[in-house]
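In: Next comes the sequence, and after it the predicted model I'd like to discuss.
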Amino acid sequence: MRMRTAVVGMMTWMLAWPAGAASVRHDHPIIGIWRITLPDGLCTETYRIRADGTSLVFSNEEVAESTFTVADKPDKNGFYKEVDTIVKDNGKRDCSGEITKPGQPVTNYLQFHPSGNLFVMCVDPNLERCIGPFIRVRGLDI
């Protein structure tokens with residue numbers, strides 16, 4: 001009976017796995033928990049980014065799950081291309097007051113501080129239109 005329960009549990013877990021998730025090397029700088037506080041200080045977003053190519057985001061009342069791909073190495077200017085697709089969303093408002101619709105891939109370019117504890121997220125592979133810093137959170141499990 002225990003074996004059957006374990007097999008059913010494993011099959012359920014596999015069926016729940018988000019489509020399109022691609023693993024990331026375990027020491028990639030993006031792996032971890034990151035926080036960003038909006039400039040007005042009234043809202044904080046927390047990103048749990050996992051090596052299995054999935055992330056969990058908490059933004060105001062929103063809870064969203066996504067799959068992502070990210071370049072293994074930065075380009076010559078230090079940017080990692082990242083493509084993120086929300087696969088589940090609880091339908092509540094995020095820090096910007098918006099409700100996120102799942103399914104649309106979004107491309108960003110990430111640049112990490114040499115410490116590995118900060119990064120900015122940019123629209124293009126330059127520092128002209130970016131948000132951040134995202135700050136690494138230590139001491140929490142992802």
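Out: Received the coordinates, thanks. Source: prediction; values computed, not measured.
In: Tell me which stretches of this structure form helices.
Out: Applying DSSP state H to the chain gives helices spanning 2-16.
In: Can you show me the strands along this protein?
Out: 32-37, 44-49, 54-59, 62-70, 80-89, 105-112, 118-122, 130-137 (DSSP state E).
In: Which one of those lies nearest to residue 96?
Out: Among the strands of the chain, the nearest to residue 96 by Cβ to Cβ is strand 54-59 (8.1 Å). No exception for glycine: its C-beta is placed from N, CA and C like everyone else's.
In: Sheet-wise, list the partners of the closest one with their directions.
Out: Using DSSP bridges, the strands paired with strand 54-59 are strand 44-49 (antiparallel), strand 62-70 (antiparallel).
In: And the first one, what's buried?
Out: Using 16 or more other Cβ atoms under 10 Å as the burial criterion, the residues of strand 44-49 that qualify are 45, 47-49.
In: got it, and the last one?
Out: Residues 62, 64-70 are the ones in strand 62-70 that count as buried (16+ other Cβ under 10 Å).
In: where's the nearest residue in space to residue 57 that is not next to it in sequence relative to residue 100, distance?
Out: Closest residue in space to residue 57, ignoring its immediate chain neighbours: residue 64 at 4.6 Å, by Cβ to Cβ, 6 or more residues apart in numbering. Using Cβ to Cβ, to the nearest Å, one gets 6 Å for the distance from residue 64 to residue 100.
In: Can you check which residues contact both of those two?
Out: Shared contacts of residue 64 and residue 100 (Cβ atoms under 8 Å, 6 or more residues apart in numbering): 86, 89, 94.
In: what pairs with the first one across the strands?
Out: Okay, so that is residue 86. Counting by DSSP bridges, residue 86 forms beta bridges with residue 66.
In: what's near enough to touch it?
Out: So residue 86 contacts 64-66, 100-104 (Cβ under 8 Å, 6+ apart).
In: Out of these, which is nearest to residue 55?
Out: residue 66 (5.0 Å).
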